[in-house]
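[1] Show me the folded form of this:
(one chain, ligands or ions: 2)
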Amino acid sequence: MAETGKAKTITIISGKGGTGKTSVTAAFASLAAPVVVADCDVDAANLHLLLSPEVEKSVDFYAMPIARINQDLCVGCGLCNDLCRYDAIVIQDDNYSVDPLACEACLVCKEHCPEQAIYTVERQAGYWFLSQARTGPMVHASLGIAQENSGKLVTEVRKAAADVAEEEKLDLVLVDGPPGIGCAVMASLTGADLVIAVTEATQSGLKDLIRVNDLCNHFKIPIHIIVNKCDLNPEVTQTVRKWAQEAKAPIIGEIPYDTDFTKAMIEAKTIVEYKSSRIGDELKNIWNTVLETMKSIA
Ligand code: SF4
Ligand code: SF4
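    Ligands and ions are numbered 1, 2, ... in the order given. Predicted coordinates:
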């Protein structure tokens, strides 16, 4: 896209995992290059498998600080145990301590401890990376096993992507959002100018799509829809079309089931790089529609 000032953001999401969202994002990245790509699916990041980024910078990610008990100050009154809604206070041999895996960092215990025996410690919970992919700069992340706070990490990844777009004077950020409608998805939607929801033509896919659409309506972000594997269940595809028309959520592309998606992935290529194919052509058409839409977004 031509340089126009502040970068626009397109966020690609899906109601659930496995819809082809990441393959679509990677194809768009190839077609839009040079573009900033942000992999905000931090719990199951896999865009790097298709775009093979080379890491240039790695930044520690700290989750919310959790509580600890100073045994020298604790008098064993048990108030923290009574107040903790997450059963994170452990009592062993009359000593009170905090289970770091259960602690949700609400800090209620710290506020109410009569002896000021509770303090907080930072937790290094993962990393985010600034890399160069063949499609341009890429920000992606790695969250430690069993670590929460993916919403906070998504916010950091998104912000870093916006910063790099400004520094490198690129006017588009493509965000591969997390699946579902949880807090990480909401974090990935912040600042989005357009959402593209990738769905499959199944009843559960439609249910997820309706929830995603409600979320976008709530945040007043325009939404476009891509139906993947549209030929596997023509009846449901027809139902999705009908719903989309009523919901004023335009379907901008229908992609038939094609094993080329998987074959391209095995070769670590995006579908538009893989070979000339009907889904590659379809994605180019869809991308042209997206570009037209972006022109109308101030
Ligand atoms: S509230 Fe404070 S003093 Fe009481 S058991 Fe908990 S840490 Fe110890
Ligand atoms: S910070 Fe909240 S969750 Fe953690 S131990 Fe204290 S009360 Fe429980």
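[2] May I ask which helix or strand encompasses the residue in the stretch 151-298 of the chain that ligand 2 sits nearest to?
    Nearest residue of the stretch 151-298 of the chain to ligand 2: residue 152, at 16.0 Å (Cβ to the nearest ligand atom). Using the backbone N, CA and C atoms, a C-beta is placed for each residue, glycine as well. For residue 152, the host element (DSSP states H and E) is helix 150-167.
[3] The closest residue to residue 280 other than its chain neighbours sits in which helix or strand?
    Among residues not flanking residue 280 along the chain, residue 272 sits closest, at 4.7 Å (Cβ to Cβ, 6 or more residues apart in numbering). Using DSSP H and E, residue 272 maps to helix 271-274.
[4] Would you mind listing what in the stretch 101-250 of the chain touches ligand 1?
    113, 115, 117-118 (Cβ under 6 Å from any ligand atom).
[5] and the residues you listed, which two are the farthest apart?
    Largest separation among those by Cβ to Cβ: 115 and 118, giving 8.6 Å.
[6] who has more neighbours, these two?
    residue 118 (22 against 14; other Cβ atoms under 10 Å).
[7] what about this protein, any weak spots by pLDDT?
    Judged by pLDDT under 70, the chain has its weakly predicted residues at 1-5, 145-149, 298.
[8] try it again with 80
    Residue ranges of the chain with pLDDT under 80: 1-5, 15-19, 43-44, 144-149, 180-181, 275-276, 297-298.
[9] how about the strands in the chain?
    Here the chain has its strands, by DSSP state E, at 8-14, 36-39, 54-69, 89-92, 95-98, 118-133, 136-143, 172-179, 194-200, 223-228, 251-255.
[10] Run through the bridge partners of residue 68.
    Under DSSP bridges, the beta-bridge partners of residue 68 are residue 119.
[11] Show the contacting residues for it.
    Each residue near residue 68 by Cβ atoms under 8 Å, 6 or more residues apart in numbering is listed here: 97-98, 118-121.
[12] Identify, from those, the entry nearest to ligand 1.
    Lowest distance from ligand 1 to those (Cβ to the nearest ligand atom) belongs to residue 118, with 5.2 Å.
[13] thought that closest one was touching residue 81?
    No: counting by Cβ atoms under 8 Å, residue 118 does not reach residue 81; the two are 11.7 Å apart.
[14] what does the stretch 1-150 of the chain put close to ligand 2?
    Contact residues, the stretch 1-150 of the chain versus ligand 2 (Cβ under 6 Å from any ligand atom): 67, 83-84, 86, 88-89, 98, 103-109.
[15] Which one (most neighbours) among those residues?
    residue 67 (25 neighbours).
[16] Please report the distance of that residue from residue 229.
    47 Å (Cβ to Cβ, to the nearest Å).
[17] Ok, residue 18 next?
    11 Å.
[18] Of these two, which one has the most company?
    residue 229 (20 against 11).
[19] buried sites along stretch 229-241?
    Buried residues in stretch 229-241, counted by 16 or more other Cβ atoms under 10 Å: 229-230, 233, 236-237, 240-241.
[20] no, scratch that, I was asking about stretch 152-160
    Buried, per 16+ other Cβ under 10 Å, within stretch 152-160: 152-158, 160.
[21] Quick check: the farthest pair among those?
    Pairwise distances across these (Cβ to Cβ) peak at 12.9 Å, for the pair 152 and 160.
[22] give the contact list for residue 230.
    For residue 230, the contacting residues are 201, 237, 254-256, by Cβ under 8 Å, 6+ apart.
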